[in-house]
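**Q** Below are the sequence and a predicted model for it; my questions follow.
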Amino acid sequence: MDLTPEEERLLESDNDTVKKCMEILVALGEIYGAERLVEIKSAQISGISYRNIGDAGLEWLENLDAKVAVKSYTNPAGMDVERWEEMGIDCEFYEKQIRILKAIEKLGVEISLTCTPYYLDTPSFGDHLAWAESSAVVYANSVIGARTNRESGISALASAIIGKTPCYGLHIKENRAPEIRVRVGREVNPSIAGYELGKITGSKIPLVDFGRPLSRDELKLFGAALAASGGAGMFHAVNLTPEWGDFEVPDEKIEIDQFQIDPECDPDLIAIGCPHTSAEELEKILALLKRYGRVKREVWVFTSREVMRKNPGIVGEIEKFGVRMFADTCMVVSPATERFECVMVNSGKAFEYLPKLRGVNAVFGDLSECIRRATE
Ligand code: F3S
């Protein structure tokens, strides 16, 4: 890989953290055949739940000694940092999670604790990023037209500190070409379509024809599920995403008209907000609550602290219906979900991960079905 004199100096830095970060980026670049590093506009760091990284990860973070070079965000942690007790989180977990957040904050990373950093500060078309959360990666590449590979928590942190990432994969236009054509039936829920499609196409980039307009929130849910059940870093959607017409249309074509969901369980928790809800989704939840009435089951809605702070009226009204609003975390990264038997979700990503990562049964319904079920 061609390094600038400044990059060569960083490889020899007296600061162990900087040196190690540079070594990580160079090693990655060499593995994936990058010719150079490219400057990034922002980084987004995942893997910060104490549940996922444990004491080894905590100690590693506390030993780092550097400052990030670009705007950097964090993915959700294992708890709402204000209402952790209400989630059933114990004191030891709380203390360890706070230590992780303090160690990351010391590096200059914003403790945004969300998988939707694009609601805080939307990147521009063509911006290079180093984001780790797979749903945010897909959204940034597909819906915004920014460029990021699916980073790990460690490579995103290394990029945050150096301010650059190896230029390979989705940073290069020709690698963003669609590899398979997909037609999704108009009646199919986009989130479950993404879940089904990811299982069929794996990491291939699809060019999807939904045959109807989709909101950005629907594209968000589709992409998150696609990236969870498969491994794609982006998709194109006919007439909906900025680069869909830039490439040759692939020959291979599949159709998603129906889907098969395993037998239902009776939910003792309904969890909404994977990825974190937008202000518009909060408005929809409130409208549904006004239609169906007060909830009779446990209902948790997850969003970012920032979206919550900017929409205090809606959040307060939603809670009046008996719903709990949590920030900083989600149903998948928090151990709080583990005490439930069956969790109902409107997210193909959560539907995929809850049984695998939290060991609970999951049942899928669209947002309206989730709220209606909550009131039964
Ligand atoms: Fe976000 Fe958690 Fe889902 S990090 S995408 S809400 S699994």
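**A** Right, received. Where do you want to start? Numbering: from 1, shown residues only.

**Q** what about the closest residue to the ligand within the stretch 1-150 of the chain, neighbour count?
**A** Going by C-beta to the nearest ligand atom, the ligand is nearest to residue 115 of the stretch 1-150 of the chain, at 3.1 Å. C-betas here are computed from N, CA, C, even on glycine. Residues within reach of residue 115, counting by other C-beta atoms under 10 Å, total 31.

**Q** Just the pLDDT for it.
**A** If you check residue 115, the pLDDT there is 98.

**Q** hang on, it in a helix?
**A** No. Per DSSP: H, G, I helix; E, B strand; the rest coil, residue 115 lies outside any helix segment and is coil.

**Q** for residue 39, phi and psi?
**A** phi -70, psi 140 (degrees, to the nearest 10).

**Q** related to what we said a few turns ago, unless I'm mixing things up, the residue of the stretch 1-150 of the chain closest to the ligand is touching residue 132, no?
**A** No. Counting by C-beta atoms under 8 Å, residue 115 stays clear of residue 132, with 9.7 Å between them.

**Q** need the residues of the chain near the ligand, please.
**A** Contact residues (C-beta under 6 Å from any ligand atom) of the chain with the ligand: 75-76, 115, 133, 135, 224, 274-276, 302, 330, 332-333, 349-350, 353.

**Q** returning to that earlier point: find the residues that touch each one of residue 115 and residue 132.
**A** residue 75 (C-beta atoms under 8 Å, 6 or more residues apart in numbering).

**Q** Send me the top strand by length along the chain as PDB with only the CA atoms.
**A** Longest strand in the chain by number of residues (criterion: DSSP state E): strand 269-277. Output of strand 269-277 as PDB, limited to C-alpha atoms (Å, rounded to 0.1, in the frame of the first residue of the first chain):
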ATOM      1  CA  LEU A 269     -42.600  -8.000  25.400                       C
ATOM      2  CA  ILE A 270     -43.200  -5.900  22.300                       C
ATOM      3  CA  ALA A 271     -40.000  -4.100  21.300                       C
ATOM      4  CA  ILE A 272     -39.900  -1.500  18.600                       C
ATOM      5  CA  GLY A 273     -36.900   0.500  17.400                       C
ATOM      6  CA  CYS A 274     -34.500  -1.700  15.600                       C
ATOM      7  CA  PRO A 275     -32.900   0.400  14.100                       C
ATOM      8  CA  HIS A 276     -33.600   3.200  16.500                       C
ATOM      9  CA  THR A 277     -36.800   5.000  15.700                       C
END
